[in-house]
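Participant: sequence-free structure coming up:
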């Protein structure tokens, strides 16, 4: 019995250590990004968000750009820019043969996957298109998408050309169109509160730059005018814990990263000095870090910053661009094959030891009865 308990404890310790390794040395999650090597083209790469465990996902030379994790973490969609027209693909995070989703695509939406992961938004020509199960449906003309409603019933979209409506929502099933924000405002992406009850959008007009909060139908509006050096903002993102809203403020040739409370208090600039340019701001799933890309000389590289701006770390390097990143959802940890292998082996060892100890005890008891 002591042998069984001791061996079981040892197996569990080893199992815990290997699972920690499988998760990326305790990192907060995986990041997919495009690495544009001049000799082999752009590859999709994975790394843990501490900048470790880099590995390739796609074959060499596929010109893979604009990657997006599916909500369940089982797929990564991307654009193959080597072809004309460009192709939309998806690939498993563990690698393998990519699958063509669509033969014609210009760009993907800001948030392309529907909440249930069954649909995907992209544009081709003047059309905003929904992909579902390898079938395409034209949803709206002359617009590109700003994201989905949390229930997946509405798509929020911005016009390609200047017009009266700067942000609309269209019902996926009926095609009904509701105006949300009208001219003369200009708007950024939208970002949802963690409970899905409201979204925030950056609005720029003759008054300045503001964060505008709305209910899903555009009602119950509240705006916070921002005190900034220049009234141009982008990449507005609500933290997963609901405590902060971060955004990029654009200045003449430079940019800054700010955060503010949803009630409009505690506006803070997080970076000490302006960068040449910051883009593609994204929160880590636990709200501890902000992930973004910035210029290092002539190249784009990936960085992460503590939520309070206390630390900035460069995650990628090299004489070529590393950019167009996307944080994996928490569910994506399930796909890692090492999880399955280690768990299966550990349980098999424990079961074997338990079976042998039980058989030995039965043999002793039987021998005792006959003695």
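Facilitator: Great, that's in hand. These figures come from a predicted structure and were not determined experimentally.
Participant: please make it C-alpha for all contacts and neighbour counts, starting now.
Facilitator: OK.
Participant: what about residue 31, neighbour count?
Facilitator: By other C-alpha atoms under 10 Å, the residues close to residue 31 number 21.
Participant: now it. Nearest residue, chain neighbours left out?
Facilitator: residue 327 (4.7 Å; C-alpha to C-alpha, 6 or more residues apart in numbering).
Participant: quick one: contacts for that neighbour?
Facilitator: By C-alpha atoms under 8 Å, 6 or more residues apart in numbering, the contact set of residue 327 is 29, 30, 31, 32, 69, 282, 284, 285.
Participant: show me how this structure divides into domains.
Facilitator: According to automatic domain parsing, the chain comprises the domains 1-23+336-371, 185-274.
Participant: which of those domains comes out lowest on mean pLDDT?
Facilitator: The weakest mean pLDDT among these belongs to domain 1-23+336-371, with a mean of 51.
Participant: can you pull out the helices in this structure?
Facilitator: For the chain, applying DSSP state H gives helices covering 2-22, 337-370.
Participant: correct me, but residue 243 touches residue 261?
Facilitator: Yes. The pair residue 243 / residue 261 is scored as a contact, 6.3 Å apart, by C-alpha atoms under 8 Å.
Participant: what's the pLDDT at the residue nearest to residue 31?
Facilitator: So, for residue 327, pLDDT stands at 94.
Participant: check residue 304 too.
Facilitator: 95.
Participant: and it, how far from residue 141?
Facilitator: 37 Å (C-alpha to C-alpha, to the nearest Å).
Participant: ok, residue 278 next?
Facilitator: 31 Å.
Participant: these two - which one has more neighbours?
Facilitator: residue 278 (23 against 15).
Participant: what's around the closest residue to that one other than its chain neighbours, how many residues?
Facilitator: Spatial nearest neighbour of residue 278, chain neighbours left out: residue 294 (4.7 Å); criterion: C-alpha to C-alpha, 6+ apart. Residue 294 has 20 neighbours, counted by other C-alpha under 10 Å.
Participant: partner residues bridging residue 294?
Facilitator: Beta-bridge pairing for residue 294 (DSSP bridges): residue 278, residue 301.
Participant: pLDDT value on it, please?
Facilitator: We have a pLDDT of 91 for residue 294.
Participant: over to residue 96?
Facilitator: 89.
Participant: same question for the one 4 residues further on.
Facilitator: For residue 100, the pLDDT comes out at 93.
Participant: next, the buried residues of stretch 107-119.
Facilitator: 107, 108, 109, 110, 111, 112, 113, 114, 115, 117, 119 (16 or more other C-alpha atoms under 10 Å).
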